[in-house]
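Chemist: fold the following.
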Amino acid sequence: MANSILQHPLFGLSLSVISYALANLLYQRWRFMHPLFSCTGFIILVLVCFRIPYEDFKRGADVLTLLLGPATVALGVPLYKYKELIRRNLARVLISVLAGSITGISASAAIVGLLGGSQAIILSMLPKSVSSAISIEIAERLGAIPELTAVLTTLTGLMGSMFGTRILSWFRIRDDISIGIAIGTAAHGIGTARVFKDSEQQGGFAGLSMGICGIMTSILFIPIYMWLK
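Modeler: Numbers count the residues shown, from 1 in each chain. Modelled structure (predicted):
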């Protein structure tokens, strides 16, 4: 009976929703506790303590993964509102996102390689700066470990959400467009959702940069994919 409940897709879905609701309650009391961070920690704790196979949880969690696509598309609403501003700064966005995409891929490969990581880990690490829907697909195409890529992608977005704007302020970068481009390129949807709380303009440029970064990163991986084949 217990096994049938754990293997039902509603188990993973319910655990995710309940964990996030509890995480939001904690965040309202202690603002330093990012909801996604505490939510992820709680889910891991439950799976480990009760020895629940990840595959059983993943059956329900995959439903939420499917919703990432529509949620990402919804971030494009501010693009219409700021279309003229975006048009005037399009070259700036394209150059910045391209530079950020190349830097993210190169830095990931260099760091994991220097630490002695295997090829599978390196390939799983490379697409971490784009949204999960894209990074997981890239990982599967490269023959990497999609589950590891999903974790790394989430952690990247989480770290960018928690510390991205703070780090940019240390370098006295306070321009909405610059912040939006940087966070959207480096921290995908999670970071974009975070900067929306500060400024709709930041969120709009972050959403645009996130989408362009996904396209550019996918194109940049074509030579790598052909080389592996």
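Chemist: which residues in the protein form helices?
Modeler: 2-6, 9-29, 35-49, 54-74, 77-81, 83-88, 90-114, 119-125, 132-142, 146-170, 176-196, 200-228 (DSSP state H).
Chemist: compare those and say which comes out lowest on pLDDT.
Modeler: Lowest mean pLDDT within these: helix 2-6, a mean of 56.
Chemist: burial of Ile212, as a residue count?
Modeler: 21 (other CB atoms under 10 Å). The C-beta positions use only the backbone N, C-alpha and C, and glycine is treated the same way.
Chemist: verify the contact between it and Ile95 for me.
Modeler: No - applying CB atoms under 8 Å, one finds Ile212 not in contact with Ile95, separated by 10.7 Å.
Chemist: got the CA positions of stretch 129-143 in PDB?
Modeler: Output of stretch 129-143 as PDB, limited to C-alpha atoms (Å, rounded to 0.1, in the frame of the first residue of the first chain):
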ATOM      1  CA  SER A 129      22.800  28.900 -16.800                       C
ATOM      2  CA  VAL A 130      19.700  28.400 -19.000                       C
ATOM      3  CA  SER A 131      16.200  27.400 -17.900                       C
ATOM      4  CA  SER A 132      15.700  23.800 -16.800                       C
ATOM      5  CA  ALA A 133      13.500  23.000 -19.800                       C
ATOM      6  CA  ILE A 134      16.400  23.800 -22.100                       C
ATOM      7  CA  SER A 135      19.300  22.700 -20.000                       C
ATOM      8  CA  ILE A 136      17.800  19.200 -19.400                       C
ATOM      9  CA  GLU A 137      17.100  18.800 -23.100                       C
ATOM     10  CA  ILE A 138      20.700  19.800 -23.900                       C
ATOM     11  CA  ALA A 139      22.100  17.400 -21.300                       C
ATOM     12  CA  GLU A 140      20.100  14.500 -22.800                       C
ATOM     13  CA  ARG A 141      21.400  15.400 -26.300                       C
ATOM     14  CA  LEU A 142      25.000  15.500 -25.100                       C
ATOM     15  CA  GLY A 143      24.600  12.100 -23.200                       C
END
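Chemist: got the contact list for that stretch?
Modeler: 65, 68-69, 72, 100-101, 104-105, 120, 123-124, 126-128, 145-146, 148-150, 153-154, 156, 185-189, 210, 213-214, 217-218, 221, 224-225, 228 (CB atoms under 8 Å, 6 or more residues apart in numbering).
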